[in-house]
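Trainee: Here you go, sequence then predicted model.
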Amino acid sequence: MPHVPVFRLHSQLSSRSRTATYEAFKKADKGVLFTTDVVARGIDLAGIDFVVQYDCPKDIFDYVHRVGRTARLGAPGESVLFLMPTEVFNKKIFF
């Protein structure tokens with residue numbers, strides 16, 4: 001089985017640790033990044049081809065920013081959003 005590096009970014013890390021992790025992930029040829037909304041906005045990661053969301057966003061804007069980490073500048077990308085049965089949306093608002 002090939003080695004795939006795993007990275008983590010969240011607000012409980014120091015700024016220095018977050019920056020180091022961000023830079024290491026950017027330089028990696030491949031990898032998995034587990035993160036909170038700390039990177040949903042204002043960060044540009046090229047080459048992200050798949051986003052998995054398991055904590056449903058509260059509104060469409062958060063969803064768009066999270067899923068927007070993939071398929072940047074016309075590149076292909078995919079996303080999946082896991083929902084609990086209790087997470088019901090008004091389709092006119094969310095989709």
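Mentor: Yep, it's here.

Trainee: Remind me which helix or strand Ala20 belongs to.
Mentor: Per DSSP states H and E: Ala20 is located in helix 15-27.

Trainee: residue ranges for the helices of the protein, please.
Mentor: With helices called from DSSP state H, the chain shows them at 15-27, 60-67, 91-94.

Trainee: returning to that earlier point: which residues does the helix holding Ala20 contact?
Mentor: Outside helix 15-27, the residues within contact range by Cβ atoms under 8 Å, 6 or more residues apart in numbering are Pro5, Phe7, Arg8, Leu9, Leu13, Gly31, Leu33, Val38, Val39, Ile43, Leu45, Ala46. Every C-beta, even on glycine, is put in place using the N, C-alpha and C of the backbone.

Trainee: Same question for that helix: list its buried residues.
Mentor: Residues of helix 15-27 classed as buried: Arg18, Thr21, Tyr22, Phe25 (neighbour count, 16 or more other Cβ atoms under 10 Å).

Trainee: Redo the contacts of helix 15-27 as TSV? Include pLDDT and distance to Val80.
Mentor: Output for the contacts of helix 15-27, formatted as TSV (pLDDT from 0 to 100; distance: Cβ to Cβ, whole Å):
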residue	pLDDT	distance to Val80
Pro5	95	21
Phe7	94	19
Arg8	93	20
Leu9	89	20
Leu13	91	25
Gly31	92	18
Leu33	89	15
Val38	76	20
Val39	74	18
Ile43	73	21
Leu45	77	18
Ala46	76	21
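
Trainee: Pick the one among those residues closest to Lys58.
Mentor: Minimum separation from Lys58 among these (Cβ to Cβ) is found for Val38, which lies at 16.1 Å.

Trainee: What's the local residue count around the closest one?
Mentor: A count of neighbours around Val38, defined by other Cβ atoms under 10 Å, yields 14.

Trainee: One more: Pro2?
Mentor: Using other Cβ under 10 Å, Pro2 is surrounded by 4 other residues.

Trainee: roughly how far apart are it and Gly31?
Mentor: From Pro2 over to Gly31 the distance is 12 Å, taken as Cβ to Cβ, to the nearest Å.
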